[in-house]
Every structure is written in structure tokens, then in C-alpha cells.
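1. 3D model of this:
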Amino acid sequence: MLRLSLSVLGLVAVVFAPSLAGDFVWDDVLLIRDNPNAHSLAAGWRVAFGDFFGSAAGQPQGGYLRPVPALLNAATWAVAGARPWVFHLQNLALHLAAVALLMAVLRALGARALGWVGAGLLFGLHLRQVEAVAFISGRPDLLAAAGVLAATWLHLRARRDGGGAVGPLAVVAFGLAALSKEVALVWPVALAVLEGSGAVAPTPRRRRALFAGYGAVIAAVVIGRLVGDIQVPVRLYFEASQAPIAALSLVGHYAVWLLTPDARALYDHLPVATASGWTALGAAIVVAVAGLVWVNRRKPAGFGWALAAVALAPVLHLVPIPALAADRYLYLPLAGLAVALGVGLSRWDHHRAAWGLICAAALVLGVFSTQRVRDWQDEVTLWSAEALAPEASYKAWLNLSVAHAEHQRWPEAFGAVTQAATLAPGVPVVWRNQVRIGMRLCPQWPGQTDFLILALKRTLTAAQLRAAAAGVPCPPVAEAARRHADALSRAER
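-> This is a model prediction of the structure:
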């Protein structure tokens, strides 16, 4: 048993080891590298129980209460400073802990070796796990999943053995998970399915005490949000009336992503708010999963299907969240799917062909995940891969331009931001970056400061910009100004 567990963990570690060479990317820059509140434990403690994104200067509220990752970031920087490999090592350790806990949960549920090994390999090596592990700011998902799996394992032990500190430890583990990411708050719903499956000892008094502890955690989180004045963010992608259709469409997309070999960092291009084939697929999957939970309500597999369902529900925009979709949102749902798979695979434990298929699947998953880990090495690599993907959004090119600008690669930066302007003409943030970067390509000219002040005005008109561009001796900036003026003119009509 120990040898098999170490083999699974070793393979997962090998696949994700290249992430240790990664830099701070994307939200890591805002939340950690350039955030003074993440550079000392004292500063981190001051903002830990406020809005997670609001702790970064100049950032709007994201609607998140996540003191555990906030304090972990601050403590890590206080000890290791600006060494991203230390943060990446923590993420890898959290992922390995989650894999180990998943296998422990399955063993506690009576799964045979093929079941818990196969589940550990699926959960540990799946392509959709890469973002949560290789992206430092994906650690809330890692912490929440590890906490939920630890709480599940401790809950099973407390219900079986009773007494001691195991029960309170389960409540603590759930509390840490809930204070890492809000998605963990739905875990007791799935746990209720597990309680009804007969997989745990029928001792109602002990069950009531544990669920009372979990209820106290949920109440504490709600109170914390009220005290910290953490607001639900505004909807960014569609109206509230379109949320049910969008939720079903997202279910369809997420289901297909589990089976496809390509991954993205940005999914803003998805047209989820109007009914389509994705909506129908999502509705079919919801019905199918509900049926699987019902059919398996007396079996441990029901817990897995229930966990997958309830862990996905909070990221379907029934309640607004800042990002439309993300691979890391599948981290905890995949744990539920892995539990269901592990229970099902156990019946094939004595078949060599089944072991061969599991090994082949692990090899394929490992190859795809290894390649994707390398995409997260630095911002230029990440956004280059994103910009070359089908239906790449202007944000990918804009982020690529910023990445090049940080390394003072001005021609490359200007080319990327110009492509962003082509995809999204008239977007103010793209235009402002075009001006700032374009000026690096030309010598300073008389009146440059006046032009810059005018160009960055939030009430700029097409006529003002055309008049100012006529006197600009820098061809890249002048051409960008003319194109932006045309976009403003179309918007003014």
C-alpha cells in the first residue's frame, strides 16, 4: 500500500516539478509580487479578513474572504522574499497532499488498490489541474480541496472510532478550507449524501455533533463577510436573467474540457448567455449527474458525484464572480469525480487489463500536463500560448504586450498591443497601453507630454485625437492615434 501510494505521488511530483522554475505571473504580480500587504505577516494580518483582491492597491473588490491564502502569502514572503520557487514548492506540496488525502479517503471508503490508485492518478495528473498548481494564485483551490479531503477523512474516522480529537480536527480542517475558498462551504451537502450511503457507522449523536461544528464554521464565515464588509461583485458578462442559461452552458463547456487536450488561461470569448447546443448539453449533464447521485445514494460513489456537482455550482455564475470560467475551478469537482471513479474501478482490481489501461491513461495525462506546466513558466510564455490559441481574446494580446514591456522589448510589446487594438478597437485600456509603449519606439519630441496628457484623458473625443495626432512625428503612435480616433468616431455616432 505504501509503495503504491509513493509511486503515485512520485509520478505526480515528476510531472509538476518544472513548475518550480516558474516566475510570478498574472494575478501573482498583483496579489503577491507588487502587493505591499503580502510582504510581511503584520501587513498580511491587517488585511487578511477583508476582501482578498481588495488587499492589492488599486484593485476592485472581488467579493472573496480568503484569510488562509492571504496569510500564507504574507508569511512566505516574510521568510523567503521574492523567490517564486518557494511559492511554487508550496503549491506542489499542497497538490501532493490533496492527492494523498484523496487516496486515503477512498481507502477509508473500502476501495481496492486499483480504485484509489486510478483515482489518485486521474486527480493528480489531469490537464485541468495544471493551472491550480503551476499558477501561484491558484493556491486557494489547492488549500480548499486539501482541507475538504482532510475533513472527509477525519469525519470518516470520527464516525468510525469516535472520541478523541479526530472530530474537532475534522471541523478545523473544514474551517481552514472554508477560509481558503468559498467553494468549500458546500461540502456538508455532499457529506450528507455520504452519511446516507451506509458507508459510515449509524451513530446519530456523533453525527449531530460533527454537523453542528460544520454549521458553526459556515456561520462564522458569513459573519466574517458581514464584518469585513465584503460585497458581492457586479455581473461582468451577462444580466441576472441570463444566469440560468449561462450556468447550463458552462456545465456543458466544463464537461467537454475534462475530455479535451487543450487548455486556456482566458475563457472570456465563450458565448454562454444565449441558448445553444452547449446549454442543451449542460442540461443533459445536470440531469445525468442528479440521476447518478440518486442511483448511488446508498453507495460511496454517490458522495463523489454529489461533491463534483455541488463544488461546480458556485462557479456557474448563479452568484456573480469575476472570471467567466477557469481550469482551476475544476480542481475540487475533479476530486469528487475521482472518488466516484475510484469506487467504480475497485470491482476490476484483479484484472490486469484494467491496471494496464490505468497506466496508459496516466501516461497520456502526464504528457499533456507536462507540456501545459511549461506554458506557465513566465508571462511571455503563458500569454504567447494564449494569444496563438483559437478565438484568442484581446486580453491575451494585451497581457502579452505588458509582459514584453516589463522586459523592455518595446517592438514586441507594441506589436502585441496593436493586435489587441485590432481585435478590440476603441477599448480605453488598450489605447492607453499603445500610447505608452509606442512612445518608447521614438525619440522624444516637443509637445510629447501635452499629447500624452490629452491621449490619456477619459473624456477624449475623436476630433481632439485627430487634431493632436496630426502633429505627432512618431509614426507608430500617429497611426495608432488615427485608428483609435476612427473607433471613437464610430462609437460617437
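
2. From Ala326, how far out is Asp268?
-> When distance is defined by Cβ to Cβ, to the nearest Å, Asp268 is 11 Å away from Ala326. Bear in mind the C-beta positions are built from the backbone N, C-alpha and C, glycine included.

3. can you give me the strands in the protein?
-> With DSSP state E, there are no strands along the chain.

4. for it, which residue is closest to the average position?
-> Arg328 (3.1 Å; Cα atoms, centre = their mean).

5. That one: what's it in contact with?
-> 131-132, 135, 138, 141 (Cβ atoms under 8 Å, 6 or more residues apart in numbering).

6. 10 Å instead, please
-> By Cβ atoms under 10 Å, 6 or more residues apart in numbering, the residues touching Arg328 are 128-135, 137-142, 181, 265, 315.

7. now it, nearest residue through space, not along the chain?
-> Ala132 (4.1 Å; Cβ to Cβ, 6 or more residues apart in numbering).

8. Could you do Leu452 as well?
-> Once flanking residues are discounted, Leu452 sits nearest to Val435: 6.5 Å by Cβ to Cβ, 6+ apart.

9. Quick check: pLDDT value at that neighbour.
-> Val435 carries a pLDDT value of 92.

10. next one: Arg205
-> Arg205 carries a pLDDT score of 67 in this model.

11. since we're on the residue nearest to Arg328, how many residues are nearby?
-> Applying other Cβ atoms under 10 Å, we find 27 residues neighbouring Ala132.

12. From what I see, it and Pro69 are in contact.
-> No. Applying Cβ atoms under 10 Å as the test, Ala132 and Pro69 come out as separate, 12.0 Å apart.

13. Return the residues in contact with Gly22.
-> 28, 84-85, 87-88, 91, 134-136, 373-378, 381-382.

14. what's around the closest residue in space to it that isn't next to it in sequence, how many residues?
-> In space, and not counting its chain neighbours, Gly22 is closest to Gln377: 5.1 Å by Cβ to Cβ, 6+ apart. When counting by other Cβ under 10 Å, one arrives at 16 neighbours for Gln377.

15. give the contact list for the nearest residue to Ala220 once chain neighbours are set aside.
-> Among residues not flanking Ala220 along the chain, Gly175 sits closest, at 7.4 Å (Cβ to Cβ, 6+ apart). Contacts for Gly175 (Cβ under 10 Å, 6+ apart) come out as 68, 147, 151, 184, 213-214, 216-218, 220-221.

16. Out of the residues you listed, which end up buried?
-> If you count burial by 16 or more other Cβ atoms under 10 Å, the buried members of those come out as 68, 147, 151, 184, 213-214, 217-218, 221.

17. Include pLDDT when you put those into JSON lines, please.
-> Shown next, in JSON lines, are these (pLDDT from 0 to 100):
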{"residue": "Val68", "pLDDT": "97"}
{"residue": "Gly147", "pLDDT": "98"}
{"residue": "Ala151", "pLDDT": "97"}
{"residue": "Ala184", "pLDDT": "97"}
{"residue": "Gly213", "pLDDT": "95"}
{"residue": "Tyr214", "pLDDT": "96"}
{"residue": "Val217", "pLDDT": "97"}
{"residue": "Ile218", "pLDDT": "97"}
{"residue": "Val221", "pLDDT": "95"}
